[in-house]
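Pasted the sequence and its predicted model underneath.
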Amino acid sequence: MANIQIAIVDDHEIVRDGIKILLEDEPGINITGEAKTGKEAVSLCNSHETDLVIMDITMPEMDGIEATKIIKENHPDIKILALTMLSEDQHIRKMIKAGASGYILKSSGKQELIKAINTIMAGKHYFSNDATQSILQELVTPDVNKVKDEDEAHITDRELEVLKLIVNEYTNQEIADELFVSVRTIDAHRRNLLQKTGAKNTAGLVKYALKNKLFNNNG
């Protein structure tokens, strides 16, 4: 079996050096390159033969989530293993959605790192115990606690206008008339709001607006 060609991506040189030391004598593994930003990681994968990228998340220029997304779009066969200090469920979910096949913490030891690499290269997924617990906690948390904060939801100004009218009990037709657009457009805005906020229905949207104190001056 050919060696696994691995790229290491982390903005801290001491971390990259530590990973190289852990892996350089491991049979079947070859370090082909390293990068200190997500942008460099994308370029590295375009120019070097790479089977797997060990990817940090928080980096300058472009974070690991965006880099993973671009790499997977351009090179679907390249596997991504997130290696990070971040154990919060939102980071795990975002990395999985971007295309990562594994997620382990920097507190992991050499054996877990090698196990994660081999598991991913066998076509499976690998998550450290801490990451698994975080995902399980997210699954069992009541829906009311899953509603996102305003900053995380990235609601546009137009969607905010629509949400304000929803809170004021306008129908879709009334909102469309108020904003001089079609009902179909309002339907699309409502779907986007549900997706972005994590709400399941109109009541959830109202609860979201109240939780984030979006329209305090409007009753």
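Now that the structure is in, tell me what you want to look at. Numbers count the residues shown, from 1 in each chain.

Find me the pLDDT at Glu88, would you?
The score at Glu88 is 70. That number is its pLDDT.

what about it, how many residues close to it?
Glu88 has 11 neighbouring residues, counting by other C-beta atoms under 10 Å. Glycine gets a C-beta too; all of them are placed from N, C-alpha and C.

repeat for the one 10 residues further on
Around Ala98 sit 21 other residues, with neighbours defined as other C-beta under 10 Å.

Please tell me I have it right and it contacts Asp63.
No - Ala98 lies out of contact with Asp63 (C-beta atoms under 8 Å); the separation is 9.9 Å.

for the chain, which spans come out with low pLDDT?
In the predicted model, the chain carries pLDDT under 70 at residues 1, 89, 131-153, 216-219.

how about a cut-off of 50?
Judged by pLDDT under 50, the chain has its weakly predicted residues at 139-140, 142-148, 150, 217-219.

which residue ranges form the helices in it?
13-23, 38-47, 64-74, 89-98, 110-121, 129-140, 150-153, 157-167, 172-179, 183-197, 202-211 (DSSP state H).

Can you report how many residues neighbour Gln5?
17.

For it, list the residues it contacts.
Asn30, Thr32, His48, Glu49, Thr50, Asp51, Leu52 (C-beta atoms under 8 Å, 6 or more residues apart in numbering).

Okay, the residue nearest to the last one when sequence neighbours are not counted and Ile71: tell me how far apart.
Across the structure, with C-beta to C-beta, 6 or more residues apart in numbering as the measure, the residue nearest Leu52 apart from its sequence neighbours is Lys79 (4.4 Å). Spatial separation of Lys79 from Ile71 under the definition C-beta to C-beta, to the nearest Å is 10 Å.
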